[in-house]
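Asker: following is a predicted model, sequence given first.
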Amino acid sequence: TKHVSKNILWTTAKDFTVERGQEQIEELISTWDIHESWLHHSEFLEEEELKDSKRYHYRACWGIPTRRKPIPQATASVYFVIVISKFKPDTAPVEVFYRLESSKLIRRPEQCQFREKWLKDIIENKIACTERL
């Protein structure tokens with residue numbers, strides 16, 4: 001069955017803060033169907049001023065620490081962008097996009113269910129690459 005995450009009520013442009021953005025990204029991540037062995041931390045990266053918008057960049061870094069390897073062999077990052085349009089009213093909700101570190105494909109949370117397999121693929125590829133070196 002297709003799993004669709006619950007929609008997040010994104011904050012309005014006028015109520016947005018960097019901290020609120022990070023809280024809402026965490027709220028989004030909590031809706032993802034990911035095994036509890038995955039741990040992550042998220043961080044704010046930068047604010048970007050464009051002609052038509054302000055963009056706030058965040059990163060969530062994922063790994064699976066174990067008792068034998070508390071520092072994971074590899075990690076996988078998901079990059080988020082929160083966009084505040086300069087043309088929409090400040091009562092409009094912010095727009096949110098994300099992409100995987102290994103991909104140029106930009107996704108919208110409400111249109112695409114996140115898959116744990118994406119994180120596994122990134123980590124497996126990194127481990128395979130380091131083993132070849």
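Answerer: Alright, I've got the coordinates.

Asker: show me the strands in this structure, by range?
Answerer: Listed in chain order, the strands of the chain (DSSP state E) span residues 39-49, 53-63, 76-85, 95-100.

Asker: for Arg115, which of those strands is the nearest?
Answerer: Of all the strands of the chain, the one in closest proximity to Arg115, counting by CB to CB, is strand 95-100 (10.0 Å). The C-beta positions use only the backbone N, C-alpha and C, and glycine is treated the same way.

Asker: let me know the average pLDDT across that closest one.
Answerer: Here strand 95-100 scores 97 as its mean pLDDT.

Asker: got it, and stretch 81-89?
Answerer: The model assigns stretch 81-89 a mean pLDDT of 97.

Asker: do the same with stretch 116-130
Answerer: Per-residue pLDDT over stretch 116-130 has a mean of 93.

Asker: got the buried residues for it?
Answerer: Going by neighbour count (16 or more other CB atoms under 10 Å), the buried part of stretch 116-130 is 118-119, 122-123, 126.
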